[in-house]
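Engineer: Predicted model and sequence follow; I will ask about them next.
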Amino acid sequence: QVQLVESGGGSVQPGESLRLSCAASGRALSDNTMGWFRQAPGKEREFVAAINYINKVDYGDTVKGRFTVSRDNAKNTINLQMNSLEPEDTAVYFCAADGARFGPPTRLKNAYDYWGQGTQVTVSS
């Protein structure tokens with residue numbers, strides 16, 4: 001069984017940066033698409049970024065140009081570098097993995113089979 005554990009969340013001021021990490025265990029996920037989603041209170045879970053097995057990436061429109069997703073297959077982890085953070089980025093951030101191999105970087109929540117517990121990111125002055 002795949003387990004995903006996020007880390008790196010916290011509280012920052014607008015304009016600052018944070019780096020989230022997601023460590024996978026249970027099986028190697030180098031052939032699988034992995035993604036980041038976020039959910040603010042009272043809102044739907046929203047796509048943030050995804051990266052597939054050949055490092056093709058996709059970003060949500062609200063984070064494009066500010067966030068960067070990357071993967072380290074040797075460590076079975078993915079990272080999300082978040083720059084120029086805004087109060088609107090405040091949310092719980094979830095890591096997810098697609099159980100199928102060799103797929104595209106998808107925005108669809110239903111394409112992901114495994115989810116982490118989430119890590120809180122708060123951006124406030």
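Structural biologist: All right, it came through fine.
Engineer: contacts, neighbours, all on C-alpha from now
Structural biologist: OK.
Engineer: buried sites along the lengthiest strand in the chain?
Structural biologist: Longest strand of the chain, by residue count under DSSP state E: strand 91-101. Using 16 or more other Cα atoms under 10 Å as the burial criterion, the residues of strand 91-101 that qualify are 91, 92, 93, 94, 95, 96, 97, 98, 99.
Engineer: Check stretch 59-69 too.
Structural biologist: In terms of neighbour count (16+ other Cα under 10 Å), stretch 59-69 has its buried residues at 59, 60, 63, 67, 68, 69.
Engineer: now swap in stretch 38-45 and tell me
Structural biologist: Buried, per 16+ other Cα under 10 Å, within stretch 38-45: 38, 39, 40, 45.
Engineer: And stretch 7-16, by the same measure?
Structural biologist: Buried residues in stretch 7-16 (16+ other Cα under 10 Å): 7, 9, 12, 14.
Engineer: The last one belongs to a helix?
Structural biologist: No: secondary structure assignment (DSSP: H, G, I helix; E, B strand; the rest coil) places residue 14 in coil, not in a helix.
Engineer: wait, doesn't it sit right on residue 83?
Structural biologist: No: between residue 14 and residue 83 there is no contact under Cα atoms under 8 Å: 9.6 Å.
Engineer: that older thread, which members of the buried residues of strand 91-101 define the maximum pairwise distance?
Structural biologist: Maximum pairwise distance among the buried residues of strand 91-101 (Cα to Cα): 25.0 Å, between 91 and 99.
Engineer: Setting aside sequence neighbours, what's the nearest residue to residue 86?
Structural biologist: Counting by Cα to Cα, 6 or more residues apart in numbering, the nearest residue to residue 86 once its immediate chain neighbours are dropped is residue 14, at 5.0 Å.
Engineer: Enumerate every residue touching that neighbour.
Structural biologist: 84, 85, 86, 87, 123, 124, 125 (Cα atoms under 8 Å, 6 or more residues apart in numbering).
Engineer: what do you get if the cut-off is 10 Å, keeping everything else the same?
Structural biologist: Residue 14 sits next to 83, 84, 85, 86, 87, 88, 89, 122, 123, 124, 125 when contact means Cα atoms under 10 Å, 6 or more residues apart in numbering.
Engineer: Can you check the pLDDT for it?
Structural biologist: As predicted, residue 14 sits at a pLDDT of 98.
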